[in-house]
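In: when you get a sec, could you give me coordinates for this:
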Amino acid sequence: MSLPAEELLDWAMKLPESERRALALRLLESVGDESPEEVERAWVEEARRRLDDVRAGRSQPVPWEEAARRIFARG
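Out: This next block holds a predicted model:
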């Protein structure tokens with residue numbers, strides 16, 4: 001992601017959840033022809049793939065505290 005996009009993401013992450021959801025939906029609508037159902041189906045497939053990876057030992061889950069530290073250390 002470009003620096004302006006990273007800065008925008010940092011700013012957006014400080015918004016209340018309801019505003020982040022609305023923003024995310026507007027952004028999704030701007031980049032594809034997929035219906036909301038198709039987008040949801042893709043997210044469900046991704047979640048299942050990730051769960052399969054964890055169960056098979058191909059990836060390790062990270063506690064939220066560690067994930068948050070990593071995410072917010074980028075800024």
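
In: and the residue lying closest to Q60 once chain neighbours are set aside, helix, strand or coil?
Out: The shortest distance from Q60 to any non-neighbouring residue, by C-beta to C-beta, 6 or more residues apart in numbering, is to V54 (7.3 Å). All C-beta atoms are positioned from the backbone trio N, CA, C, and that covers glycine. Here V54 is helix, with the state taken from DSSP: H, G, I helix; E, B strand; the rest coil.

In: please, where are all the helices along this structure?
Out: Along the chain, counting by DSSP state H, helices occupy 3-12, 17-31, 36-55, 64-73.

In: remind me what the last one packs against, helices and strands.
Out: Applying 3 or more C-beta pairs under 8 Å, 6 or more residues apart in numbering; DSSP states H and E, we find helix 64-73 packed against no helix or strand.

In: ok, 10 Å please
Out: The elements that helix 64-73 packs onto, with contact taken as 3 or more C-beta pairs under 10 Å, 6 or more residues apart in numbering; DSSP states H and E, are helix 3-12.

In: can you tell me what sits against the helix it packs on?
Out: With C-beta atoms under 10 Å, 6 or more residues apart in numbering as the test, helix 3-12 has contacts from 1-2, 19-20, 23-24, 27, 71-72, 74-75.

In: and that helix, what's its mean pLDDT?
Out: The average pLDDT for helix 3-12 rounds to 92.

In: residues near E66, how many?
Out: By other C-beta atoms under 10 Å, the residues close to E66 number 10.

In: same deal with V54?
Out: Neighbours around V54, by other C-beta under 10 Å: 11.

In: can you check the one 5 residues further on too?
Out: Residue neighbour count, defined by other C-beta under 10 Å, stands at 12 for S59.

In: now swap in R50 and tell me
Out: A count of neighbours around R50, defined by other C-beta under 10 Å, yields 13.

In: ok, I71 next?
Out: I71: 13 surrounding residues under other C-beta under 10 Å.

In: next: E6.
Out: Neighbour count for E6, taken as other C-beta under 10 Å: 12.

In: against W64, how distant is it?
Out: Computed as C-beta to C-beta, to the nearest Å, the E6 to W64 distance reads 21 Å.
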